[in-house]
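1. Based on what follows, work out the 3D shape:
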Amino acid sequence: MPQQGPATRLENLHQRARIVQTIRAFFVAQGFLEVETPHRIPANAPEKHILPYSSDGWQLQTSPELAMKRLLAAGATELFQICRCWRQEERGNRHLTEFTLLEWYRAQSDYRQLMADCEILFRSLCPSGQLTYQGTTIDLTLPFERLTVAEAFNRYTDTTTDRALANGRFDEIYAFEIEPRLGRDRPTFLVDFPLPLAALARRKKGEPVAERFELIVAGMELANAFSELTDTAEQRHRFEQEIFEIRKEGRAASMPEPFLKELEQMPPAAGIALGVDRLVMLLLNVDKIDRVVAFSPEEL
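-> Numbering: from 1, shown residues only. Next up is the predicted model:
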């Protein structure tokens, strides 16, 4: 039996450290403020499909999103954070229950600027202009592909976004028929999600979609981004809907009142969460997330 455990990953950990250092230098050079916000919080943003861990009456963060937006409301303009997050029932070759997120936010901006940020960040990490993942060469020539969700359903499935949502099959169809086929030759920004999937994103002016995108490379989602919703009443309404669905399943959920109280002070902004562990997998041409962290949960 081949040797397992952290001793087999030391070279990957050296390379991971260099990748994280490059990411940090990239944002510092652009004048971003690096911040650290609490990992243990009273309430996460309520989202039915995300299960937080409880921590003595509070929760471990599933994302630093709410705290970082409160900093925008306080006057920050560009900020980033590399931090640990926790989500229950997320375990697999590309999932860990404890993982590392890179999040960054820009005031007076929208999701188009974040796409440009991703493109430049990738070129900083891969100066050769290409990378190879699991036998496939991915061209990083700019700009990356931009594909709407509606176009992706038309191209890769026999249904539409509206029918998939009405039948409760959007997530299934997306996960098995669309996502694996995206970003195979060059990275893909999947943009303009249906409004029922807007989460914390604002509506695109004049269109029935949200200004949200996911970055997908080699069939693997790396990032999720929004032009941020700053309408407090609308955000509260969305949270109330999520809390209702969560409580129907017998789970606890509460409203993040401090965030909502300060949301009306937040300027127009855009924010993105990028999975560092998956990014390292991609850059090191590794097919299992366990190989790019010091310890998997099962080894503790």
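
2. so where do the strands sit in this structure?
-> Assigned by DSSP state E, the chain shows strands spanning 33-34, 40-41, 54-55, 58-60, 78-86, 98-107, 130-133, 136-139, 145-148, 188-194, 209-217, 220-227, 269-275.

3. want to throw these into TSV with mean pLDDT?
-> Putting the strands of the chain into TSV (pLDDT from 0 to 100) gives the following:
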stretch	mean pLDDT
strand 33-34	98
strand 40-41	98
strand 54-55	96
strand 58-60	97
strand 78-86	98
strand 98-107	98
strand 130-133	96
strand 136-139	96
strand 145-148	98
strand 188-194	98
strand 209-217	98
strand 220-227	98
strand 269-275	98
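
4. Which one of these lies nearest to R155?
-> When those are compared by Cβ to Cβ, strand 145-148 sits nearest R155, at 7.8 Å. All C-beta spots, glycine's among them, are computed from the backbone N, C-alpha and C.

5. list the helices and strands that closest one packs on?
-> strand 188-194 (3 or more Cβ pairs under 8 Å, 6 or more residues apart in numbering; DSSP states H and E).

6. what does the strand it packs on contact?
-> Residues outside strand 188-194 that contact it (Cβ atoms under 8 Å, 6 or more residues apart in numbering): 111, 115, 118, 144-150, 152, 161-162, 165, 170, 178, 182, 201, 204, 207-217.

7. Pairing partners for that strand, with directions?
-> strand 145-148 (parallel), strand 209-217 (antiparallel) (DSSP bridges).

8. ok, and which of those strands has the densest surroundings?
-> Mean neighbour count, computed with mean count of other Cβ atoms under 10 Å, is highest for strand 209-217 among those, reaching a mean of 24.

9. Just the CA atoms of that one, as PDB, please.
-> Taking Å, rounded to 0.1, in the frame of the first residue of the first chain, the C-alpha atoms of strand 209-217 are listed here in PDB:
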ATOM      1  CA  VAL A 209     -31.300  38.200 -13.800                       C
ATOM      2  CA  ALA A 210     -28.800  38.900 -11.000                       C
ATOM      3  CA  GLU A 211     -25.300  40.400 -11.500                       C
ATOM      4  CA  ARG A 212     -23.700  37.200 -10.300                       C
ATOM      5  CA  PHE A 213     -21.000  35.000 -11.800                       C
ATOM      6  CA  GLU A 214     -19.000  31.900 -11.100                       C
ATOM      7  CA  LEU A 215     -15.500  31.300 -12.400                       C
ATOM      8  CA  ILE A 216     -15.000  27.800 -13.700                       C
ATOM      9  CA  VAL A 217     -11.800  26.200 -14.900                       C
END
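
10. Report the angle between it and strand 220-227.
-> Inter-element angle recorded for strand 209-217 and strand 220-227: 150 degrees (by axes from the mean of the first three to the mean of the last three Cα atoms, to 10 degrees).

11. quick one, strand 209-217 and strand 269-275 angle?
-> Orientation check (the same axes, to 10 degrees): strand 209-217 against strand 269-275 gives 30 degrees.

12. And the pLDDT at T8?
-> The model reports T8 with a pLDDT of 80.

13. ok, now which ones touch it?
-> R291.

14. One more: the one 4 residues further on?
-> With contact taken as Cβ under 8 Å, 6+ apart, N12 is in contact with V280, L284, V286, R291, V292.

15. Could you do R87 as well?
-> I50, L51, P52, Y53, T62, T97, F99.

16. Show residues contacting stretch 286-299.
-> 5-6, 8-9, 12-13, 16, 91-98, 134, 277-278, 280-281, 284.

17. What's the PyMOL syntax to select whichever of those residues are buried?
-> Remark: buried members of those, expressed as a PyMOL selection using 16 or more other Cβ atoms under 10 Å:
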select buried, resi 9+12+16+96+98+277+278+280+281+284
